[in-house]
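1. The following comprises the amino acid sequence and a computationally predicted model.
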Amino acid sequence: ETGVTQTPRHLVMGMTNKKSLKCEQHLGHNAMYWYKQSAKKPLELMFVYNFKEQTENNSVPSRFSPECPNSSHLFLHLHTLQPEDSALYLCASSQDGLEMNEQFFGPGTRLTVL
Amino acid sequence: AQSVTQLGSHVSVSEGALVLLRCNYSSSVPPYLFWYVQYPNQGLQLLLKYTSAATLVKGINGFEAEFKKSETSFHLTKPSAHMSDAAEYFCAVSGPLANSGYALNFGKGTSLLVTP
């Protein structure tokens, strides 16, 4: 595997389900990000991890719970979601989280909440 | 706070025509600017970035962008559009986070349609 991978690619869940999204980066980076991409809205930054430490929680509801066990893996745990949470969830990574460094994105998980 | 505005949510060009996608930035300090492309059902791919080394930045797939401080712009261009260029294009600026580190602030995106 190369780059940033995300699983699953598609997920359909009911509002009472619990599921997790997984992201893995094979680039040796140490900053990882979760973004939400909804139709007709700009990409919304959700969480940032630098060296496994969460450095940003962008006012995300507690039904979204991130986990970063090491610099290569990032999870997003989901529970009691709402239909408006349906979106494309993108994971990204960058080297050192520096201002000039670009982020590398995974293909995303298309989430549908029924 | 650093932000970008993309003018035109949809742009349509003929195959072989010039592509011009507009992006204006707002920043109190010299910005780091990026253009990304997103093809259907895929993540974002970096086209190019500006880090103050040169005002004209060349990227992948024949795209380039020019940083103009006087106009606070970073427009993306390509001399001749291909059908394969049809995608969503995002301009972004790097900005500081509240606690530490940086993240990208994205524009709303411009959907490029290329017609035969």
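-> Good, I have the coordinates. This structure is a prediction, so every number in the text was calculated from the model and none was measured. Numbers count the residues shown, from 1 in each chain, chains lettered A, B, ... in the order given.
2. What strands line up against the lowest-mean-pLDDT helix or strand in chain B, and which way round?
-> In chain B, the helix or strand scored least confidently by mean pLDDT, DSSP states H and E is strand B:102-106, which has a mean of 88. Within its sheet, and counting by DSSP bridges, strand B:102-106 is paired with strand B:87-96 (antiparallel).
3. List the neighbours of the least confident helix or strand of chain B that are in contact with it.
-> A:33, A:42-43, A:45, A:48, A:56, A:97-99, A:103, B:1-4, B:34, B:36, B:90-97 (Cβ atoms under 8 Å, 6 or more residues apart in numbering or on different chains). (C-beta placed from N, C-alpha, C; glycine too.)
4. Return the residues in contact with the residue nearest to A:Asp85 when sequence neighbours are not counted.
-> Distances taken as Cβ to Cβ, 6 or more residues apart in numbering or on different chains place A:Val113 nearest to A:Asp85, at 5.1 Å, with adjacent residues excluded. Contacts for A:Val113 (Cβ under 8 Å, 6+ apart) come out as A:Met13, A:Gly14, A:Met15, A:Leu81, A:Gln82, A:Pro83, A:Glu84, A:Asp85, A:Ser86.
5. ok, of the contacts of strand B:102-106, which come out buried?
-> The neighbour count (16 or more other Cβ atoms under 10 Å in any protein chain shown) marks A:33, A:42-43, A:45, A:48, A:56, A:97, A:99, A:103, B:2-4, B:34, B:36, B:90-95 as buried among the contacts of strand B:102-106.
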